[in-house]
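Participant: Generate a structure from the sequence data that follows.
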Amino acid sequence: MRKKFSSALLAIFIIAAIQPAYAMSADSTPAQEKLSHKEAQEECHALQANPPASLKLIRSAPPAFPLSALKAHQEGWVLVSFTLNEKGKVKHPTLIDHGGDKAFIKPALKAMKKFRYEPIVKDGQAVSVSGMKYCFTFAISE
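Facilitator: You can find the predicted model right below:
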């Protein structure tokens, strides 16, 4: 028996976690390492299991679950790299890798731009930190 989906009635849980990928440094920008698909997936799961206590999320925005993926009953994940500026705003969100439908990528990047954190302070000064990573998991729950 095939189930019909209603976006208003279907409970969708978006699970997300954050973890800095590199040591935080104001005076250097870490080189983005190239991960295999398996390594990216493992890092995504690790980020969700061990979010750091040092980053304080002020505001987040769950990504929209793409209707095409919902109708096809597809789930997935998106690993994003970004820079956190001196004001705690997310800048330059970039796709590292994804699993599942490509339709998950755009909503994840769009949502990431809306995130805000408490600024990271080093030696009494708010600093910009690049090489941060965030993992969005798109899961359907009935």
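Participant: Surely residue 65 is within a strand?
Facilitator: No: using DSSP: H, G, I helix; E, B strand; the rest coil, the assignment for residue 65 is coil, not a strand.
Participant: And for it, the neighbour number?
Facilitator: 21 (other C-beta atoms under 10 Å). Every C-beta, even on glycine, is put in place using the N, C-alpha and C of the backbone.
Participant: Could you find the closest non-adjacent residue to residue 73?
Facilitator: Among residues not flanking residue 73 along the chain, residue 140 sits closest, at 6.4 Å (C-beta to C-beta, 6 or more residues apart in numbering).
Participant: What are the buried residues along the longest helix seen in the chain?
Facilitator: For the chain, the helix with the greatest residue count under DSSP state H is helix 37-49. The neighbour-count check on helix 37-49 (16 or more other C-beta atoms under 10 Å) flags 40-41, 43-44, 47-48 as buried.
Participant: could I get those residues as CSV with distance to residue 108 and pLDDT?
Facilitator: Listed next are the buried residues of helix 37-49 as CSV, based on distance: C-beta to C-beta, whole Å; pLDDT from 0 to 100:
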residue, distance to residue 108, pLDDT
40, 13, 89
41, 15, 89
43, 15, 88
44, 11, 87
47, 13, 83
48, 14, 80
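Participant: Please produce a markdown table containing these, extended by distance to residue 128.
Facilitator: Listed next are the buried residues of helix 37-49 as a markdown table, based on distance: C-beta to C-beta, whole Å:
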| residue | distance to residue 128 |
| --- | --- |
| 40 | 24 |
| 41 | 28 |
| 43 | 22 |
| 44 | 24 |
| 47 | 21 |
| 48 | 25 |
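Participant: which one of these is nearest residue 117?
Facilitator: Closest approach to residue 117 among those (C-beta to C-beta): residue 47, at 14.9 Å.
Participant: coming back round to it: just to check, the residue nearest to residue 73 is in contact with residue 71?
Facilitator: No: using C-beta atoms under 8 Å, residue 140 is not in contact with residue 71; the gap is 10.6 Å.
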